[in-house]
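[1] Just to be clear, the model below is a prediction. Sequence and coordinates:
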Amino acid sequence: MSANTGISDQTKKVLIGVAAAATVAGVGYVAYKSLSSVDIEKELEEIKALGNLRFKEKQYGKAIEEFTRGIEKAGADTQRHIVAMLYQNRAACREKVGQNATEILNDCLSALKVDKKYAKAYLRAAKALNDVGKKQDALACEFF
């Protein structure tokens, strides 16, 4: 039994077509977002690997540039453990070149914002705190 809605059959067909297209577009967008997420993750892994290679080659300045590029590439999407690793690795490079302990500490804190259980970041943060004369804070940091 069909209800009389006052809408022509042609209009109904158009509305059904629009709804179908919107559904397909929505599914396509979700697939695109998932694919983009995988692509970014892969790219961040490659950047991290290149930074690690530079670190092993003792090219700390270039390693800092790579880790910074990865951090910038991740942008606001800081929910990935790899972002914490990029920050912590950059802190390790900063330590090697003798940069300010405050910059090292800031990288460690950024890593810990992403991953609160990242042991390397806690240890490096504790060392940076100790280096700036905050021994009590350094002790507290190690046992967080």
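    Thanks, I have the structure now.

[2] just so I have it, where are all the helices in this protein?
    Shown for the chain, the helices assigned by DSSP state H span residues 9-56, 60-74, 81-96, 101-114, 119-131, 135-142.

[3] how far off helix 101-114 does the third one point, in degrees?
    For the pair helix 81-96 and helix 101-114, the angle between their directions (axes from the mean of the first three to the mean of the last three Cα atoms, to 10 degrees) equals 170 degrees.

[4] What is helix 81-96 packed up against?
    Counting contacts by 3 or more Cβ pairs under 8 Å, 6 or more residues apart in numbering; DSSP states H and E, helix 81-96 is packed against helix 9-56, helix 60-74, helix 101-114, helix 119-131. To be clear about C-beta, it is placed using only N, CA and C from the backbone, and glycine gets the same treatment.

[5] what does it rub up against?
    41, 44-45, 47-48, 51-52, 55, 58, 60-61, 63-64, 67-68, 70-71, 74, 77, 100, 103-105, 107-108, 110-112, 114-115, 118, 120-121, 124, 127-128 (Cβ atoms under 8 Å, 6 or more residues apart in numbering).

[6] let's go with 7 Å and repeat that
    By Cβ atoms under 7 Å, 6 or more residues apart in numbering, the residues outside helix 81-96 that reach it are 41, 44-45, 48, 51-52, 55, 60, 63-64, 67-68, 70-71, 74, 103-104, 107-108, 110-111, 114-115, 118, 120-121, 124.

[7] count of neighbours near residue 129?
    Using other Cβ atoms under 10 Å, residue 129 has 23 other residues around it.

[8] Then residue 48?
    The local packing of residue 48 (other Cβ under 10 Å) involves 18 other residues.

[9] That one touches residue 70, doesn't it?
    Yes. Assessed by Cβ atoms under 7 Å, residue 48 is found in contact with residue 70 at 6.0 Å.

[10] quick revisit: now the buried members of the contacts of helix 81-96.
    Among these, those buried by neighbour count (16 or more other Cβ atoms under 10 Å) are 44, 48, 51-52, 55, 60, 63-64, 67-68, 70-71, 74, 104, 107-108, 110-111, 114-115, 118, 120-121, 124.

[11] got the contact list for residue 60?
    Applying Cβ under 7 Å, 6+ apart, the residues contacting residue 60 are 93, 96, 97.

[12] Can you check the pLDDT for the first one?
    Here the pLDDT value assigned to residue 93 is 97.
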